[in-house]
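In: What follows is a predicted structure for the sequence shown.
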Amino acid sequence: ASEQVFQTIGAVRALAPRPPALLEGLKYLSAMEKAHPNEPLWYLPLLACDPEHQRQGIGTMLQERVLATCDEEGIDAYLETQKEDNVVYYRRFGYEVVDVLRPVRTGPPLWTMRRAPRGAAR
C-alpha cells in the first residue's frame, strides 16, 4: 500500500501543471482501485523496458520468472494496461481480459487482466 501512495504522489506531481490531466489521472487511479481484486494475488503494476532493448526477450524473461513463482505458490497474477497491443502480448503468458475500463470518455481504455496459476488445482 505504501508503494501505491508513492506512485500516486509521483503521478500527482507529474500532472499538477495540467489540472485537466490531473483530474483524468485521478479518475484512472480510482477506476483501477475499484477494479482491483481483494483476494491475495501477484499484482504486476509495471513491466517496462527501454525501447532500445525491446524485442530481445527481456519482458519474457521477467514474466517467466514472476509467473513461475505464481505457479509454485498457486496464486493468480493481475495487471492493467492501456495499450491494446499489450493485451495480445500478455495473452501469450496466459492472461485473460477481466474488464475494459473507460474512466475518461475521451481517454484510452484500461484493460484489466488476470492469469490463473498453471498446474494448480483450482
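Out: Received it, and whenever you're ready, just let me know what you need. Predicted model only: the values in this text are computed from it and were never measured. Numbers count the residues shown, from 1 in each chain.

In: Other residues contacting stretch 16-35?
Out: Contact with stretch 16-35 is made by 8, 11-12, 15, 80, 98-99, 101, 103-104, 107, 110, 112, as judged by CB atoms under 8 Å, 6 or more residues apart in numbering. The way it works is simple: take the backbone N, C-alpha and C, and place the C-beta from them, glycine included.

In: What residues of that stretch count as buried?
Out: For stretch 16-35, burial by neighbour count (16 or more other CB atoms under 10 Å) applies to 22, 24-25, 27-29, 31-32.

In: what is the mean pLDDT for it?
Out: Mean per-residue pLDDT for stretch 16-35: 82.

In: cool, and stretch 51-65?
Out: Mean predicted lDDT for stretch 51-65 stands at 86.

In: buried set for that stretch?
Out: Buried, per 16+ other CB under 10 Å, within stretch 51-65: 59, 63.

In: now the end-to-end length of that stretch.
Out: Stretch 51-65 stretches 21 Å from its first residue to its last (CA to CA, to the nearest Å).

In: again, but for stretch 36-48
Out: Per CA to CA, stretch 36-48 runs 21 Å from first to last residue.

In: contacts for that stretch?
Out: 3, 7, 59, 62-63, 66, 69-70, 75-80, 114.

In: list the buried ones in it?
Out: 41-42, 44.

In: Ok, stretch 63-76 next?
Out: By neighbour count with 16+ other CB under 10 Å, stretch 63-76 contains the buried residues 63, 67, 70-71, 75-76.

In: That one: how far from the chain's middle?
Out: Centroid separation between stretch 63-76 and its chain, computed with CA atoms, centre = their mean, to the nearest Å, is 16 Å.

In: repeat for stretch 41-52
Out: For stretch 41-52 - counting by CA atoms, centre = their mean - the centre lies 8 Å from the chain centre.

In: next one: stretch 85-102
Out: In terms of CA atoms, centre = their mean, the centre of stretch 85-102 is set 9 Å apart from its chain centre.

In: Much appreciated, bye for now.
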